[in-house]
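> What follows is a predicted structure for the sequence shown.
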Amino acid sequence: MIVAAGAPAGPIVPNFGSGNRCVVENHTFCWSWVNAHWGDTLQPALSQHVELSAIAIGIGFVIAFTTGLLTYRRRWMSRPLEGFSALLYTIPSLALFQILVPFTGITTTTVEVALVAYTLVMLFPNIVAGLNSVPADALDVARAMGFTRRQTLLSVELPLALPTIVAGLRVAVVSTVSLATIAAFLLPKGLGYPIFLALKEPSPFRTEIYAAGALTVALALVADLLLVALRRFLVPWARRGAV
Amino acid sequence: MTLAAISMHDFLDAFRFIGSNWNLLLDKAAQQLELAGAALGLAIVLVLPLGLVLGHLRRGSTLAIAASIAGRALPVLVLIAALLTVFGIGFVNNMIALAVLASGPILTNSYEGVARVEPRVVDAARASGMTGAGVLRQIELPLAIPLLATGVRIAAVTVVATAPIAAIAGGGGLGDIIVNQAGYGFDGVLGASLCAMALSLIAYGLLSALERAVTPVGLRRLAELEKGNRRQEAVSVTAIT
Amino acid sequence: MTFARVKTFAVGAIVLAGLAAGLTGCGSSGSSGNKPKIVLGTKNFSEEYILGQLYKQALEAKGFTVSYKENIGSTEIITAALNSGKINLYPEYTGEIVQDVFHHASTPATEAATYQLGKKLEQQKGYTLFNRTPFSDTNAVVVTKATATRYKLKQIADLNRIPGLKLGGLPECATRFNCLIGLRKEYGLKVKFVPLAGISSYTALDAGTVQTAIGFSTDPVLGPNSKYVVLPDSKHLFGFQNIAPIVSQKLVKAYGSKLGDTINSVSALLTTPAMIAMNKAVSVDKQSPQAVAQAFLKANGLL
């Protein structure tokens, strides 16, 4: 038997298997796809999303808190900062990302700067409002007991301001998780990326959109619940009924 | 070249783009306002009456507050993508997505606006023989206008600021240029981004002025006083300020 | 005492945030040794993701370290990334090199000539091309079966029969001779262009937003039993578009022939049927480009 040596052999095209009907016909939701692709698509996107959001909120909180502490007593300082914050929030996120690109390029830094800016916008007014909402009576009592400025701040003002600050944190966290989806327009990171990819398919892929969307909302809700628990831990005396 | 020089160069190119594509940018801005206006109108028509009635009946406060939180927790990208799979591409799916976004502040503030009217005032009106509907129309609604106006302002600015994203699903507007670097170059993208920013700021300014104009002076002063006295807790979670 | 709790929490939060800030600041700037890092990029559509994964996994199997940047953008954008040194290797189409990177009005008459011209042009800039793949993926003028039947469309020029004709395509199509410009000039099409930045041409066709759109010849939805019709490119406007990875000469010098051999061994396997099968697995059967590439490389002994 003669084997034709040197005959061009085409590549072996493995049988990739056809996707199940649900996926190929783009039904509303295909659990099989979610199970199959949790590891390679959904879970990495989720981790990236958590990372992006956490960094933004962490840095944003530190800046807002420090600035708030420095300026809450001086309304002439905090008012304009609050006004500036409100204006910053009106900038469309897509636009803000692109405006930052000449400075920091198409990198995670650009995305984080924008997300931090939005977080600041939501946190700063709340921190200032919280610190300023301490009743005058409490401050009088502290003064009467001979507390120093520092003691008053740490033992009276901060604890009483905490509910408002945490409330602001909740808004900021939920909004940041939501905004971080837009980051996928610049970088292939976060839960927005699967959504962008799914939209580009010849027939936008429903399961991927709903799965990534549901994960984003779930993440926001979980973060919110964690903060409520945190507030209860830190401020056990706060009214349960307060939102 | 230093970072500053590179950045300045980009911005100069962007301004040049704006200068030479004025008509295009105005066209796109008008398109964006059209989408935003339609979405806002839809939200107001559907949700404002609901909020007013709920507030009058002092029921469904959880719903009203949850609406704002849901509005924040639901990314607009997810909304647009999900609605696209139902309504297809174009104006409608984007209008509905943005309307959902606008509903939060409108529902919350219309509810709170009516619900926070002094109970004694409502009692006095009822005592003098007014019907429920009459109370709502003649007492609660006028007193609710400051918060209502704030809610509409927040909703409107949110919608104008979020509209650029709609470009990925055929919604038009300045976003068309921002997502299309291949077609317009980075100077176009940056130029349109700056314009989108300006549009948002203008909308914010105009609507804030409108809000102030619509609020009776006495109520405005009263609101300032109340803001100062009351604990700010609930305020920061909902859309009110 | 709650004050103590607050203090602990505050200190912890600040430390965490500081760490986080430090970590982002440190980014990925580390470069070990004197060899330039292999940074492989891809353009912004499904076929490129598959190609990227194929080359990436094949290289890593041979011991190379690859930094992978997916979804950078269209030809114009990724060329800018290449020129600025952000990437030094990516899969490009030969015709696009000639027409869209170097702005020649038309492509040469044969596949080989297109490749050679592209190679020569890139070499003048400090880059070069690895071998080309057997498959070619050109633009395709697509209409739905219904539209074709309704207006009796047999060739591209017939499209002028459609009133208010709208053509959809990727945004970069508007400025390219092998796309909108050529269609208007060579085929005399009177058409309004609708740029599609985030959605596929087929989505727009199905929705009726456009009556015709630009697809790609290896799109799986154009395979057997397709609900679309491709109008033939009789004037060869769309040229030849084999894949030939562009690489910086510095990289070739640093890594020697092993780099080229690995990449070429992958490219040699990419016939049109193979590519269409992989495109189908990703676009229709919704498998990940990573898994599909891995299966293909394994089946052919490259992994």
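Right, received. Where do you want to start?
> Can you give me every residue that contacts C:Ala299?
Applying Cβ atoms under 8 Å, 6 or more residues apart in numbering or on different chains, one finds that C:Ala299 lies in contact with A:12-14. Placement of C-beta: from N, CA and C, glycine included.
> before we move on, what about C:Ala174?
For C:Ala174, counting by Cβ under 8 Å, 6+ apart, the contacting residues are B:183, C:180-181, C:193, C:195.
> Are any of the contacts of C:Ala299 buried, and if so which?
The neighbour-count test (16 or more other Cβ atoms under 10 Å in any protein chain shown) applied to the contacts of C:Ala299 identifies A:13-14 as buried.
> which of the contacts of C:Ala299 come close to chain C?
Restricting the contacts of C:Ala299 to those near chain C by Cβ under 8 Å from any Cβ of the partner chain leaves A:12-14.
> Name the spans of chain A whose pLDDT lies under the cut-off.
A:1-9, A:238-243 (pLDDT under 70).
> Chain C now?
Across chain C, the ranges flagged by pLDDT under 70 are C:1-33.
> Do a quick rundown of the helices in it.
Read by DSSP state H, chain C holds these helices, from start to end of the chain: C:2-26, C:46-61, C:75-83, C:94-96, C:111-123, C:145-151, C:182-186, C:201-207, C:249-255, C:257-267, C:272-283, C:289-299.
> Could you tell me which strands the longest strand that chain C contains is paired with, and in which direction each runs?
With residue count as the measure and DSSP state E as the assignment, chain C has strand C:66-73 as its longest strand. Applying DSSP bridges to the sheet, strand C:66-73 is found paired with strand C:38-43 (parallel).
> outside of the strand it pairs with, which residues touch it?
Applying Cβ under 8 Å, 6+ apart, the external contacts of strand C:38-43 come out as C:48-49, C:51-52, C:55-56, C:59, C:64-75, C:78, C:81-82, C:86-91, C:251, C:255, C:259.
> Nearest residue to the residue in the stretch 51-200 of chain C positioned nearest to chain B in space, ignoring adjacent ones along the chain?
Distances from the stretch 51-200 of chain C to chain B, computed as Cβ to the nearest Cβ, single out C:Gly198 as the nearest residue at 3.0 Å. Of all residues beyond its chain neighbours, the one nearest C:Gly198 is B:Ile168 (3.0 Å), with distances taken as Cβ to Cβ, 6 or more residues apart in numbering or on different chains.
> The one you found contacts B:Ile80, correct?
Yes: shown here, B:Ile168 and B:Ile80 form a contact pair, counting by Cβ atoms under 8 Å, at 7.2 Å.
> Which stretches in chain B count as helices?
Shown for chain B, the helices assigned by DSSP H span residues B:3-20, B:22-57, B:61-73, B:76-87, B:91-115, B:119-127, B:132-134, B:141-162, B:175-178, B:181-214, B:217-229, B:233-237.
> Counting neighbours, what do you get for the residue lying closest to C:Pro195 once chain neighbours are set aside?
For C:Pro195, the nearest residue in space outside its immediate sequence neighbours is C:Pro171; the separation is 4.0 Å by Cβ to Cβ, 6+ apart. Counted with other Cβ atoms under 10 Å in any protein chain shown, the burial measure for C:Pro171 works out to 21 neighbours.
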